[in-house]
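Peer 1: Please find the sequence and the predicted model below.
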Amino acid sequence: MKATTRPLNSALWLSAGALCLVLASCQADSPPPAEDPPPAAQAEKEAPARHDPAATQSTEPAVKQPIVLVPEPLPLTSEELAAGWLWLFDGSTLFGWQAASQANWHVEDGEIRVSEGEAGLLCSTANFGDYELLLEFKAAAGTNSGLFLQTPMVPSDPAADCYELNIAPSDNPFPTGSLVKRSKYDGTIVADSWQQLHVTVRQGHIVVLLDGDKVMDYQDPAPLRSGRIGLQLNEGAVAFRNIRLRPLLLQSIFNGKDLSGWKTYPELASRFSVSEPGVLNVKDGPGQLETERSYGDFVLQLECITHADSLNSGIFFRCIPGEAMNGYECQIHNGIKQGDTTQPVDCGTGGIFRRTTARRVVAQDQQWFQLTVLAHGPQISTWVNGFQVSDWQDERPADPNPRSGLRVEAGTIMIQGHDPTTDISFRNLRIAEIPTAAAGQE
């Protein structure tokens, strides 16, 4: 995969706790009422007529949303999108990353850089299970850094609660390409030059290519099945760029032929059908199609197309089985205000409806687009065409009803038919459950 970078005109300096450049802030979020109307009324409430612009506005107070610098999405080829590749670093901000210590993590010239401060990690806010990871790094002579896999924010022992893929000089006990305290490789840093790491993590089997050469093939007898991606400041300056990830071991939840494995609701207005081999279509609404299985922590990837402009639909998850679209909703709505893709209509595709607005509308109506939803504990992250649009953690008190509070219990997945104008298709629906991290790994 060819590396792609986009230079910036100036550095974006961020404190360790900052995720992006905050320019201003809006009003505070108010959660929905604890008691919801009956299902029919709820469905009607959540399905306003599309032709009435005023009706698309939620009856609840606006969610608090900081105004942030939102870059244009980095490119991915159609083949890369079909394979499920995602950008973990947007080339301009630290959206989707969180620092565990006070250090001068910042973005400059399309790179994540760090050179001084308290030793520690810059971690992805999302936890991943099995994946393929590509990135490039550049280290100064004498730098000791690393790429941490399946890690908590603050790991305690690379032999036990994470995998530390070292970036270190040849005189280090574990030179570049080694897994610290696990397996040694006699690699070295090419000082001040870009080097590529290509890492596959699959059920505790870790394979590492350094500049295209296989340097590590390690099988953990006690596999760590999930965790964050971490970039390390230890000693010396280091930079990272072109950070991409592809989830692995996803299984189809739609057979492409019929609605086996799904529960239909013929009493509701929506009509779900297999419109052509491999394509699931929904017309009219309101209504829903619900998986027979339940999922708690997972990564879901699918492709979607709207057959008219500004249609409204959603992917609901961790739903209370049998209830009317009672779950978290990843919105599908490609409408924008005043021609500005950073101003979504009605939360925007990839936003979590009534919780957080997508930072940019990436998809276009009447064109297939890829949608990725990752839910792990209270953290929910979404990508559209490989660009991360939402990074949200549910900080509400725990509640079995996701309308009222944090729900981490497994629930069904639902596809929404929103209103009488609905005409939306889906294909390549695939999911992988993310195992719970070991105790103390969060």
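Peer 2: It's in. Numbering: from 1, shown residues only.

Peer 1: Tell me how far the residue of the chain most remote from its centre lies from Asp186.
Peer 2: Distance from the C-alpha centroid of the chain peaks at Asp171, with 37.7 Å (CA atoms, centre = their mean). Distance, Asp171 to Asp186, by CB to CB, to the nearest Å: 11 Å. C-beta coordinates here come from the backbone N, C-alpha and C atoms, glycine included.

Peer 1: One more: Cys319?
Peer 2: 52 Å.

Peer 1: ok, now Leu231?
Peer 2: Distance, Leu231 to Asp186, by CB to CB: 23 Å.

Peer 1: Equivalent analysis for Ala83, please.
Peer 2: Using CB to CB, Ala83 is found at 33 Å from Asp186.

Peer 1: These two - which one has more neighbours?
Peer 2: Ala83 (14 against 11; other CB atoms under 10 Å).

Peer 1: Make sure I have this right: Ile189 is in a helix.
Peer 2: No - read with DSSP: H, G, I helix; E, B strand; the rest coil, Ile189 is coil and lies in no helix.

Peer 1: Is it in contact with Gly146, as I believe?
Peer 2: No - taking CB atoms under 8 Å as the definition, Ile189 is not a contact partner of Gly146, at 11.6 Å.

Peer 1: Tell me, how many residues neighbour the closest residue to Lys184 other than its chain neighbours?
Peer 2: Spatial nearest neighbour of Lys184, excluding adjacent residues (CB to CB, 6 or more residues apart in numbering): Ser178 at 4.8 Å. Residues lying near Ser178 (other CB under 10 Å) number 25.

Peer 1: Could you do Trp105 as well?
Peer 2: By the criterion of other CB under 10 Å, Trp105 has 26 neighbours.

Peer 1: mind listing what it touches?
Peer 2: 14, 16, 94, 97, 99, 112-114, 117, 122, 233 (CB atoms under 8 Å, 6 or more residues apart in numbering).

Peer 1: Arg427 too?
Peer 2: Arg427 is in contact with 254, 256, 278-280, 302-303, 368, counting by CB under 8 Å, 6+ apart.

Peer 1: Among those residues, name the ones in strands.
Peer 2: Among the contacts of Arg427, the members found in strands (DSSP state E) are 279-280, 302-303.

Peer 1: which residues of this protein fall in helices?
Peer 2: With DSSP state H as the definition, the chain shows helices at residue ranges 39-45, 78-83.

Peer 1: Lowest mean pLDDT across these, which one is that?
Peer 2: The stretch with the lowest average pLDDT out of those is helix 39-45, scoring a mean of 38.

Peer 1: Let's see if you can find the most crowded of the ones in strands among the contacts of Arg427.
Peer 2: With neighbours taken as other CB under 10 Å, the top of those is Leu280, carrying 24 neighbours.

Peer 1: List the contacts of that residue.
Peer 2: 254, 259, 272-274, 289, 415, 425-427, 429.

Peer 1: how about the strands in the stretch 51-200 of the chain?
Peer 2: With DSSP state E, counting those that start in this stretch, the ranges of strands along the stretch 51-200 of the chain come out as 67-68, 86-87, 97-99, 106-108, 111-114, 120-124, 131-139, 145-151, 163-167, 195-202.

Peer 1: So which of these is nearest Arg355?
Peer 2: strand 67-68 (16.4 Å; CB to CB).

Peer 1: mean confidence score for that closest one?
Peer 2: Across strand 67-68, the per-residue pLDDT values average to 46.

Peer 1: before we move on, what about stretch 273-293?
Peer 2: For stretch 273-293, the mean confidence score works out to 97.
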